[in-house]
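Trainee: Sequence and predicted structure are below.
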Amino acid sequence: MQSLIKECLASAAERAPGYFTAKVGNDDYLVVTAKNAPAFDVIVADDNTKICPQNNKNAKLLRSVISYLNPVSRKGHKFTIGLGDRLGCAGEGHLKLLAGKGIFPVLAQQSIRELNLTGRTYEDVLASAVWAVFNEGYTGGYGADGDHLKQPFEIEYAISCGYSMITLDCSEHIDNTIMSLDDAALTAKYEEISAPIRKAYEEKYLNCAECGIKFDKKSLMQSVLIYGDAIEYTEMIYNRFIKPNGIDFEMSIDETATPTSPENHYFLAAELYSRGIECETLAPRFCGEFQKGIDYIGDVAQFEKEYIVHDNIARHFGYRLSVHSGSDKFSVFPVIHKVSTGGVHVKTAGTNWLEALRVISKVDPALIREIYEYAVENLPIAQAYYHIRPSQADAPSIKDMCDCKLPTLLDVEDTRQILHITYGLLLNEKCDGRYVFRDRLYDCLKNNRAAYADGLKVHIGKHLALAFGV
Ligand code: ZN
């Protein structure tokens, strides 16, 4: 144990007076020589030096003494990227890639669904980001996003953990039945709203000539009925949690049945604005499909046409667009780069999980074979909560595939998606009380940190180059 002090001191790099990061083998440590330091968990100590584990408790305590380790708002940054890190070991690679590029990173970004599927907590996710920031010596600021939160208790939880950003998902308050109503049913439902309120809407919107938006009576009725409840709900959440805590706010309406029309977007934005709700970003549902882990599916020319209108509306009301499921959407990134000169937020989530699997496919063929076979076998379970096109029948057999070809599983759309959406099942699978894949997967990544960081540099680097031109 005493030798650990020596080994740590040999590699220690100071990150703040009296606080060092040290790497021994594949393990990182916090080394503390500061007097009056908080009560860290300690592995071993002598009179002058404490060697501490990089755990959740120590991350929280270290945040109390080193201010740049705390997540901050994206306000003032034009170009920002969400880098959801499901395993919690991509932060180092992300920060190496971002160095000097002028893009503000949201390093901690997970939805409740992702937490449930990975068996992690918001404390875990934030601690992973804190240690990556500390170990890399990055002082440029980063965000932490409680992503796609729906319920007040979820929002309270994220804020209590120190998250700087909340993405409110109003999908449970958006009426998906409205677009399928015929004219008579639509009018009847609209007329259930009291006459003075309808009159106010009509005066405000039927004469609107801003952002090239023109409402007719039908598109106004639809917008009111689809988003009315969501706006009320957002106002409640905003005044109760967002405003009093100075939280960086994103509104997401991307997980709905139909794309957000320009009229829908304008109506929503204008109503939020008139209620004093300040969004930093807003995520519409764009036309086409943003499926997990693969390129955009749809008409890029149509996307561009609509994206320009959405971007105009965002600029008009003083926020930026947020592009969700941004992993691997390479064919629309050039449009985003060209149009969003005023700024944009792009969220990626699972693509770094696929890069993790790419590392495994290169260094541990036996493990990737097991992972793949399991993913295919359990695909129908994952498809209950993630929408992708390929089914089991589209999954190629790898029995006769040579080891050297296994990394190609991460290049082909069908197998990418199959491996992408089964992460939760893979991470939680147990046999006789022990994880089948989880520990081996983490060990493999820990032993191949440089390869993982290099893979992220190439793959996320392609995102940055195309979406932000850096
Ligand atoms: Zn989303």
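Mentor: Cool, the structure landed. Numbering: from 1, shown residues only.
Trainee: near the ion, which residues of the stretch 201-350 of the chain show up?
Mentor: Asp254, His324 (C-beta under 5 Å from the ion). Yep, even glycine has a C-beta here, placed from its N, CA and C like the rest.
Trainee: Low-confidence ranges, the stretch 201-350 of the chain, go.
Mentor: Along the stretch 201-350 of the chain, the model assigns pLDDT under 70 to no residue.
Trainee: For this protein, which residue gets nearest to the ion?
Mentor: Closest contact between the chain and the ion, by C-beta to the ion, is at His324 (3.2 Å).
Trainee: what about that residue, how many neighbours?
Mentor: With neighbours defined by other C-beta atoms under 10 Å, the count for His324 comes to 24.
Trainee: start the count at 33, not 1, going forward
Mentor: With the count now opening at 33, the last piece we talked about shows up as His356.
Trainee: quick one, what contacts the residue nearest to Val444 when sequence neighbours are not counted?
Mentor: Excluding the flanking residues, the one nearest Val444 by C-beta to C-beta, 6 or more residues apart in numbering is Pro428, at 8.0 Å. Applying C-beta atoms under 8 Å, 6 or more residues apart in numbering, we find Pro428 in contact with Val444, Asp446, Thr447.
Trainee: and the ion, which of the residues you listed reach it?
Mentor: Within the contacts of Pro428, nothing lies near the ion by C-beta under 5 Å from the ion.
Trainee: now the strands: where do they sit in the stretch 133-282 of the chain?
Mentor: For the stretch 133-282 of the chain, strands defined by DSSP state E, counting those that start in this stretch occupy the ranges 136-143, 175-181, 197-201, 280-284.
Trainee: Helices along the stretch 83-232 of the chain, start to end?
Mentor: Taking DSSP state H, counting those that start in this stretch, the helices of the stretch 83-232 of the chain run over residues 88-97, 123-130, 144-150, 154-168, 184-192, 215-222, 227-237.
Trainee: Going by neighbour count, which residues in the helix or strand Phe299 falls within are buried?
Mentor: Element membership of Phe299 [criterion: DSSP states H and E] is helix 294-306. Residues Pro294, Glu295, Asn296, His297, Tyr298, Phe299, Leu300, Ala301, Ala302, Glu303, Leu304 are the ones in helix 294-306 that count as buried (16 or more other C-beta atoms under 10 Å).
Trainee: Tell me the one of the residues you listed nearest Ala262?
Mentor: Ala262 lies nearest to Leu300 out of these, by C-beta to C-beta, at 7.6 Å.
Trainee: which residues does the nearest residue to that closest one once chain neighbours are set aside contact?
Mentor: Excluding its sequence neighbours, the residue lying closest to Leu300 (C-beta to C-beta, 6+ apart) is Tyr259, at 5.1 Å. Contacts for Tyr259 (C-beta under 8 Å, 6+ apart) come out as Ile206, Ile285, Asn296, Phe299, Leu300, Glu303.
Trainee: cutoff 7 Å now
Mentor: For Tyr259, the contacting residues are Ile206, Asn296, Phe299, Leu300, by C-beta atoms under 7 Å, 6 or more residues apart in numbering.
Trainee: For the residues you listed, work out which two are farthest apart.
Mentor: Ile206 and Phe299 (12.5 Å).
Trainee: quick one: contacts for Ile413?
Mentor: Here Ile413 is in contact with Leu457 (criterion: C-beta under 7 Å, 6+ apart).
Trainee: Phi, psi for it please.
Mentor: phi -70, psi -50 (degrees, to the nearest 10).
Trainee: give me the number of residues near the closest residue to Gln254 other than its chain neighbours?
Mentor: Residue nearest to Gln254 in three dimensions, not counting chain neighbours: Ile210, with 5.5 Å by C-beta to C-beta, 6+ apart. For Ile210, the count of nearby residues is 21 (other C-beta under 10 Å).
Trainee: Please identify the buried residues of stretch 495-502?
Mentor: His495, Leu496, Leu498, Ala499, Phe500.
Trainee: just to revisit the earlier point, who does the helix or strand that the helix holding Phe299 is followed by touch, helix- and strand-wise?
Mentor: Per DSSP H and E, the first helix or strand lying C-terminal to helix 294-306 is strand 313-315. Under the contact criterion of 3 or more C-beta pairs under 7 Å, 6 or more residues apart in numbering; DSSP states H and E, the helices and strands touching strand 313-315 comprise strand 280-284, strand 352-355.
Trainee: Would you mind putting those strands into a markdown table with mean neighbour count alongside?
Mentor: What follows is the helices and strands packed on strand 313-315, written out as a markdown table (neighbours: other C-beta atoms under 10 Å):
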| stretch | mean neighbour count |
| --- | --- |
| strand 280-284 | 25 |
| strand 352-355 | 24 |
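Trainee: Export the buried residues of stretch 495-502 as JSON lines, with columns for pLDDT.
Mentor: As requested, the buried residues of stretch 495-502 are arranged in JSON lines below (pLDDT from 0 to 100):
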{"residue": "His495", "pLDDT": "97"}
{"residue": "Leu496", "pLDDT": "97"}
{"residue": "Leu498", "pLDDT": "98"}
{"residue": "Ala499", "pLDDT": "98"}
{"residue": "Phe500", "pLDDT": "98"}
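Trainee: just these now: which is nearest Cys319?
Mentor: Closest to Cys319, out of all of those and judged by C-beta to C-beta, is Ala499, at 18.1 Å.
Trainee: quick revisit: residues in contact with the residue of the chain closest to the ion?
Mentor: Ser284, Asp286, Ala315, Phe322, Lys379.
Trainee: Please save the CA atoms from the helix or strand hosting Arg347 in PDB.
Mentor: For Arg347, the host element (DSSP H and E) is helix 332-349. Only the C-alpha atoms of helix 332-349 are listed here, as PDB (Å, rounded to 0.1, in the frame of the first residue of the first chain):
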ATOM      1  CA  VAL A 332     -32.300  15.900 -47.400                       C
ATOM      2  CA  ALA A 333     -33.600  18.700 -49.600                       C
ATOM      3  CA  GLN A 334     -36.900  18.700 -47.800                       C
ATOM      4  CA  PHE A 335     -35.100  18.700 -44.400                       C
ATOM      5  CA  GLU A 336     -33.100  21.700 -45.500                       C
ATOM      6  CA  LYS A 337     -36.200  23.600 -46.500                       C
ATOM      7  CA  GLU A 338     -37.900  23.000 -43.200                       C
ATOM      8  CA  TYR A 339     -34.700  23.400 -41.100                       C
ATOM      9  CA  ILE A 340     -34.300  26.900 -42.400                       C
ATOM     10  CA  VAL A 341     -37.800  27.900 -41.200                       C
ATOM     11  CA  HIS A 342     -37.200  26.200 -37.800                       C
ATOM     12  CA  ASP A 343     -33.900  28.000 -37.400                       C
ATOM     13  CA  ASN A 344     -35.600  31.300 -38.300                       C
ATOM     14  CA  ILE A 345     -38.200  30.800 -35.600                       C
ATOM     15  CA  ALA A 346     -35.600  29.900 -33.000                       C
ATOM     16  CA  ARG A 347     -33.600  33.100 -33.800                       C
ATOM     17  CA  HIS A 348     -36.700  35.200 -33.800                       C
ATOM     18  CA  PHE A 349     -37.500  34.100 -30.200                       C
END
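Trainee: returning to that earlier point: can you lay out the helices and strands packed on strand 313-315 as a markdown table showing distance to Glu234?
Mentor: Below are these laid out as a markdown table (distance: least, C-beta to C-beta, whole Å):
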| stretch | distance to Glu234 |
| --- | --- |
| strand 280-284 | 24 |
| strand 352-355 | 28 |
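Trainee: Any idea which of these gets closest to Tyr61?
Mentor: Across the helices and strands packed on strand 313-315, closest to Tyr61 is strand 280-284 (C-beta to C-beta), at 31.8 Å.
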